[in-house]
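S.K.: With the input below, show me the fold.
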Amino acid sequence: MASLRELLSGPRYEVIPAKGTEQAVADVVPAGMTVTVTASPVKGLEPTIELAEKLAGRGYRVVPHLAARSVASEAHLDEIVARLKAVGCDDVFVPGGDATHPAGPFHGALPLLERLDEMGRPFGRIGITGYPESHPKIHDDVTIQAMWDKRRYASYIVSNVTFDAPGLGRWIGRIRARGVTLPLYVGLAGPAERTRLLRMAAVAGASESARFITRHPGWILRFWVPGGYSPDRFLDRAAPAITAPGAAVAGLHLFTFNQLQQAEQWRKAALERTGIDDQPRLAG
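M.R.: Have a look, this model is predicted:
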């Protein structure tokens, strides 16, 4: 259990830009931990960059999501890079993004990664997406090939959330067998209250909520069915796969749904369950 305890000591906390998010992070998340900030296909990248700037000013290691399809132009990208570098941000996560139509010249993550490379790699670390469960629009083999294509520009992979622990293990085996050796951060859904999830859906807006439910019907079922999901049970089942030597799992990526107090309480309880003190480790 040593490796699992280490993973629990310093997860990355994913938050959604919204009113009160900055203060909630400051009130709950231990200083020095990594906080990733999502991007909205409806609201664009400005709320993401603004929150990243504020959290960096509070001493957190911030990882903004630079959704490629939301970057309006190369000049827009230049501005984003300059703002993030000005606050000491050296780590970004580059997904394709869910915008129906690209706002600018980047139709997916790979072209944006290539442009960042042409700019001299302004960030020391770049994360890309992995899909343990099938993407609703892209075949599994294509998503694994995409990781291979992007590997030269990336520092690590963050897996999208999954509720299938054995499936996660099989997926890790598949990507390693294909020669994808990048360190992996395992996406883990944190504890979530149904009423809070509904409120977050309302805050996100009807169009985003509809898109989320359409793309992730399994999430809704897992959270609504009594006994359907528990991060503790998932970790217990996934532990052999994510602590295996060849898995190269570097950390946990906790999807908090902005329920930070519940997430941090769960983390502390999980640490106590494994029998170690709560000494946060800086996640890479």
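
S.K.: C-alpha from now on. contacts and neighbour counts both.
M.R.: Fine.

S.K.: Was I right to think Leu260 contacts Glu22?
M.R.: No. Contact criterion C-alpha atoms under 8 Å: Leu260 and Glu22 do not qualify, at 11.0 Å.

S.K.: Compare those two and say which is more crowded by neighbours.
M.R.: Higher neighbour count among Leu260 and Glu22: Leu260, with 24 against 17, using other C-alpha atoms under 10 Å.

S.K.: What sits closest to the more buried one if chain neighbours are left out?
M.R.: Closest residue in space to Leu260, ignoring its immediate chain neighbours: Val28 at 6.5 Å, by C-alpha to C-alpha, 6 or more residues apart in numbering.

S.K.: so how far is Phe106 from that neighbour?
M.R.: Val28 is 36 Å from Phe106, where distance means C-alpha to C-alpha, to the nearest Å.

S.K.: These two: who's more crowded?
M.R.: Phe106 (21 against 14).

S.K.: Correct me if wrong, but that one is in a strand.
M.R.: No. Counting by DSSP: H, G, I helix; E, B strand; the rest coil, one finds Phe106 to be coil, located in no strand.

S.K.: Which phi and psi values does it adopt?
M.R.: phi -100, psi 100 (degrees, to the nearest 10).

S.K.: Check what pLDDT Gly167 gets.
M.R.: Note on Gly167: pLDDT of 92.

S.K.: I should have written Arg125 there, sorry.
M.R.: For Arg125, the predicted pLDDT is 98.

S.K.: What count of nearby residues applies to it?
M.R.: Quick note: Arg125 (other C-alpha under 10 Å) scores 17 neighbours.

S.K.: in the biggest helix by length in the chain, what counts as buried?
M.R.: Counting by DSSP state H, the longest helix found in the chain is helix 260-274. Using 16 or more other C-alpha atoms under 10 Å as the test for burial, helix 260-274 gives 260-261, 263-264, 266-268, 270-271.

S.K.: so how far is that helix off the chain centroid?
M.R.: 19 Å (C-alpha atoms, centre = their mean, to the nearest Å).

S.K.: what's next to it, contact-wise?
M.R.: 1, 5, 8-9, 24-25, 28-29, 190-192, 232, 256, 277-278 (C-alpha atoms under 8 Å, 6 or more residues apart in numbering).

S.K.: average pLDDT across that helix?
M.R.: 91.

S.K.: Look up how far Pro47 lies from the closest residue to Gly57 other than its chain neighbours.
M.R.: Among residues not flanking Gly57 along the chain, Val87 sits closest, at 7.0 Å (C-alpha to C-alpha, 6+ apart). To Pro47, Val87 is 16 Å away according to C-alpha to C-alpha.

S.K.: ditto for Arg12
M.R.: 19 Å.

S.K.: Pick out whichever of those two has more residues nearby.
M.R.: Arg12 (26 against 17).
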